[in-house]
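Asks: have a look; sequence and predicted model below, questions after that.
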Amino acid sequence: MALLEVEDLIVEFPTRRGVLRAIDQVSFAIDPGEVLGVVGESGAGKSLTGAAIIGLLEPPGRIAGGQIRLNGERIDNLSPDRMRPIRGRQIGAIFQDPLTTLNPLYAIGRQLVETMQTHLPLSDRDARERAIKWLEDVGIPAARQRIDAYPHEFSGGMRQRVVIALALCAEPRLVIADEPTTALDVSIQAQIIALLKRITREHGTAVMLVTHDMGVIAETADRVAVMYAGRIAEIGPVKDVVLTPAHPYSEGLMGSIPSLEHRVERLRQIDGAMPRLTAIPQGCAFNPRCPSTFARCTTERPNLLHAGPTQAACWLHAKGAANG
Amino acid sequence: MAETVLEAANVTRDFDISRPLLQRVLSGLPRQTLRAVDDVSFAIERGTTLSLVGESGCGKSTIARLAVGLYRPSTGDIRFEGQPLSAARAQASLRRKMNMIFQDPYASLNPRWRVRDIVAEPIRAFNILTTQKDITDRVGQLLTGVGLAPADGEKFPHEFSGGQRQRISIARALSSEPDFLVCDEPTSALDVSVQAQILNLMRDLQQRLGLTYLFISHNLAVVRHMSDRLGVMYLGRIVELGHGETLFRAARHPYMRLLLEAIPDLAMVGKSRTPVGGEVPSPINPPPRLPLPPPLPPRQRPLPNRKTHPHHHRPHRNRLPRHQRRAGVEGKQALLFLEKKKQKNFTPAARSTPDLLPRHCKESL
């Protein structure tokens, strides 16, 4: 059974000018131990999806429809008091900026101990020993000496290691990592990705990895979901989505990334920009920028359809479609 | 032989990061300086792109600012079209030949000005055109040239998306009809699909107008796409400088190879890498001197010269002591170790050597 199931999730923001639908009927599932990558441009709704799952939507944002199930039990309608023990214990979170995630006034050891004692029945001494073990595990040198150091005494990469330890120390079965390497330099980024991969594999933790960096996804994820304007455009095994994308948007996205492997004269570009939430076009949201638009695209909104090994929300893959 | 537009010879830039005088006197602290750029030399030929790549704090943005005269070098010499930069900056006719595109299009456009005034500012400042009609026409042309409409000139910056704002920055940079543009991370704040649009636009403009670019980025894939020549920076020094494609195919400096190996790429689907551990040391407290790596081929001339080194230029060992002194303890060991690992006769006897090696490196043994 899937560990996390998201079904027809809708997130809305009521504003003075009407209700904005930031996430529109998003469905996906994550199996135990699986890494699901979520990519898309800024504003595509990928971080909001993560926030909705851990119950940290900023008001006035709200879940307006759909279900989120963890181990088969709904968690989208829980009160804050009942959500709190789940967050941390069952679902861990890693955010982009390691400096704002850590409390600057507490030593890192204290933050780890506090997190573990909140969720697990541990004595002070055991918790401290475990904190040291976690710090060693995430590659903090001389963990026993460093445990009482404050966040500002660490570099960005080291802080992100502490944040990973913090997210995993209560041994959750799912971790939501929102742009975990975006604030870091490339060489540090590689270390953090390798660390995240190793640690989650060792503990059998499932990961939802939200990022705009396709390279990180290509290397880390088992499956990938490409989001566009609040919907999933394509979802499938990472190899297929990256190498043989079925949705014109994922195809354009992959083509627009400069590669280290070979140099092209001109990058493939998708003209235009993602529509604002106030002006999502009729039919498929991608139709004004799509090179292969036809009549049906401007009237009907496609749901995910089978397209070979992946699923794509595109009429090109409808049975008997007017393609070719 | 192509003409050199910008030439930097042994440029060093120090910043004074001392505490205020009173504090220093009271606590008996010495003056402290940070060497952001350390003995850097390069030349850019007309119509080509030189890229500088490196991690945060390696001094690449300081070089960008030095190149347009926003900072003065502490020592060394920068020449623009054959003249010393300070002299060139003093003449409006030469000063208008250089311009800059900044990283953050949200911060680099005045939010209270209409786009037409933003784009026209250099035209007015240099008195290139005087009548209002000429200026309006020219602004319209410039906006069309970067893929916007002349009518967009009436709008304010907040009405545009990040990619469109960066187009406005480019139009403004082009309005003084420059030959030379310094682009400091022009696409780092943009999404990949928008980045592709901007990079394509910059290449088109280069071909159409014969522009020369100094392109600063931390993204090696972007740099590969844009550059003719490439300099790799580490702790204020250019550790490798050469023809872009040659460098990508056969990087010689271990740091460049380390960078190349560190970057996640689409082609890496399903493969995994062993990242090299360690971090770039702080330039404030550069690490102490370490054993030198194997000697490099001697250099003939003080500046990069395509005649002697058609595709590749590497500074001579004697000119590099500080870099070698400065590569961090961990970094240096990692680099040496990488070198050794690549050699055929590498035996695990060397296992005992890299005690200082970062953890991940050791694990890969």
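Replies: Cool, got the structure.
Asks: mind showing which ranges of the stretch 201-350 of chain B have poor pLDDT?
Replies: B:267-350 (pLDDT under 70).
Asks: contacting residues around the closest residue to chain A within it?
Replies: Closest to chain A within the stretch 201-350 of chain B is residue B:264: 3.3 Å, counting by C-beta to the nearest C-beta. (C-beta placed from N, C-alpha, C; glycine too.) Residues near residue B:264 by C-beta atoms under 8 Å, 6 or more residues apart in numbering or on different chains: A:189-190, A:193, A:213, A:215-216, A:218-220.
Asks: which residues touch the residue nearest to residue B:54 when sequence neighbours are not counted?
Replies: Counting by C-beta to C-beta, 6 or more residues apart in numbering or on different chains, residue B:54 lies nearest to residue B:233, which is 3.5 Å off, once chain neighbours are set aside. For residue B:233, the residues meeting the contact criterion (C-beta under 8 Å, 6+ apart) are B:52-54, B:58-60, B:63, B:239.
Asks: and the residues you listed, which two are furthest apart?
Replies: B:63 and B:239 (13.6 Å; C-beta to C-beta).
Asks: which one's more surrounded, these two?
Replies: Set side by side, residue B:63 and residue B:239 show more neighbours around residue B:63, with 29 against 23, by other C-beta atoms under 10 Å in any protein chain shown.
Asks: burial of whichever residue of the stretch 51-200 of chain B sits closest to chain A, as a residue count?
Replies: Evaluated by C-beta to the nearest C-beta, the stretch 51-200 of chain B has residue B:196 as its residue closest to chain A, separated by 3.4 Å. Other residues near residue B:196 number 26, with proximity taken as other C-beta under 10 Å.
Asks: over to residue A:46?
Replies: 28.
Asks: do the same with residue B:86
Replies: Here the number of neighbours of residue B:86 (other C-beta under 10 Å) works out to 12.
Asks: what packs against the host helix or strand of it?
Replies: Counting by DSSP states H and E, the element that carries residue B:86 is helix B:85-90. Secondary-structure packing of helix B:85-90 (3 or more C-beta pairs under 8 Å, 6 or more residues apart in numbering or on different chains; DSSP states H and E): strand B:75-80, helix B:92-95.
Asks: buried residues in the first one?
Replies: For strand B:75-80, the buried set under the neighbour-count rule, 16 or more other C-beta atoms under 10 Å in any protein chain shown, comprises B:76, B:78-80.
Asks: now that strand: how far from the chain's centre is it?
Replies: 17 Å (C-alpha atoms, centre = their mean, to the nearest Å).
Asks: which secondary structure elements does it contact?
Replies: strand B:4-16, helix B:85-90.
Asks: now do 6 Å
Replies: Judged by 3 or more C-beta pairs under 6 Å, 6 or more residues apart in numbering or on different chains; DSSP states H and E, the packing partners of strand B:75-80 are strand B:4-16.
Asks: strand partners of the strand it packs on, parallel vs antiparallel please.
Replies: strand B:33-45 (antiparallel), strand B:75-80 (antiparallel) (DSSP bridges).
Asks: any idea how far residue A:259 lies from chain B?
Replies: Using C-beta to the nearest C-beta, to the nearest Å, residue A:259 is found at 6 Å from chain B.
Asks: same deal with residue A:159?
Replies: 12 Å.
Asks: buried residues, the helix or strand hosting residue A:65. List them.
Replies: Taking DSSP H and E as the definition, one finds residue A:65 inside strand A:62-70. Buried residues in strand A:62-70, counted by 16+ other C-beta under 10 Å: A:63-64, A:66, A:68-70.
Asks: list just the nearest of these to residue A:82.
Replies: Among the buried residues of strand A:62-70, and counting by C-beta to C-beta, the member closest to residue A:82 is residue A:70, at 12.3 Å.
Asks: what's the neighbour count on the closest residue to that closest one other than its chain neighbours?
Replies: Nearest residue to residue A:70 in three dimensions, chain neighbours excluded: residue A:4, at 5.6 Å (C-beta to C-beta, 6+ apart). Using other C-beta under 10 Å, residue A:4 has 24 other residues around it.
Asks: quickly list what residue A:4 is bridged to.
Replies: Beta-bridge partners of residue A:4, as defined by DSSP bridges: residue A:30, residue A:70.
Asks: what are the boundaries of the helices in the chain?
Replies: Answering for chain A, as no chain was given. A:46-53, A:80-83, A:86-89, A:98-101, A:108-119, A:124-137, A:143-146, A:156-168, A:186-203, A:214-220, A:238-243, A:248-255 (DSSP state H).
Asks: correction: the question concerned chain B.
Replies: So, for chain B - with DSSP H - the helices run B:21-27, B:60-67, B:85-90, B:92-95, B:115-125, B:132-145, B:162-174, B:192-209, B:220-226, B:244-249, B:254-262, B:321-326, B:329-342, B:359-363.
Asks: re the thing from before, which of the helices of chain A is buried the deepest?
Replies: The highest average neighbour count among the helices of chain A, using mean count of other C-beta atoms under 10 Å in any protein chain shown, belongs to helix A:214-220 at a mean of 26.
Asks: can you check the pLDDT for the closest residue to residue A:2 other than its chain neighbours?
Replies: Nearest in space to residue A:2, with sequence neighbours left out and distances taken as C-beta to C-beta, 6+ apart, is residue A:29 at 3.8 Å. What the model reports as pLDDT for residue A:29 is 95.
Asks: cool, the one 10 residues further on as well?
Replies: According to the model's per-residue confidence, residue A:39 sits at a pLDDT of 92.
Asks: now for the buried residues of strand A:62-70: which two are most distant?
Replies: Between all members of the buried residues of strand A:62-70, the farthest pair (by C-beta to C-beta) comes out as A:64 and A:70, at 19.8 Å.
Asks: in chain A, which helix or strand is least confident?
Replies: Using mean pLDDT, DSSP states H and E, helix A:98-101 stands out as the lowest-scoring helix or strand of chain A, at a mean of 81.
Asks: packing partners of that one?
Replies: Right, helix A:98-101 is packed against helix A:156-168 by 3+ C-beta pairs under 6 Å, 6+ apart.
Asks: state the mean pLDDT of the helix it packs on.
Replies: Helix A:156-168 shows a mean pLDDT of 90.
Asks: same check on stretch A:102-109?
Replies: 93.
Asks: how far does it stretch from start to finish?
Replies: 11 Å (C-alpha to C-alpha, to the nearest Å).
Asks: ok, now stretch A:147-158?
Replies: 12 Å.
Asks: return the set of buried residues in that stretch.
Replies: A:147, A:149, A:151, A:154, A:156-158.
Asks: contacting residues for residue 223?
Replies: Using chain A. By C-beta atoms under 6 Å, 6 or more residues apart in numbering or on different chains, residue A:223 lies in contact with A:36, A:237.
Asks: right idea, wrong chain: chain B
Replies: Residue B:223 makes contact with B:51, B:53, B:217, according to C-beta under 6 Å, 6+ apart.
Asks: how many residues are close by the second one?
Replies: This points to residue B:53. Counted by other C-beta under 10 Å, the residues lying close to residue B:53 total 25.
Asks: kindly report the same for the last one.
Replies: Burial of residue B:217 is recorded as 23 neighbouring residues (other C-beta under 10 Å).
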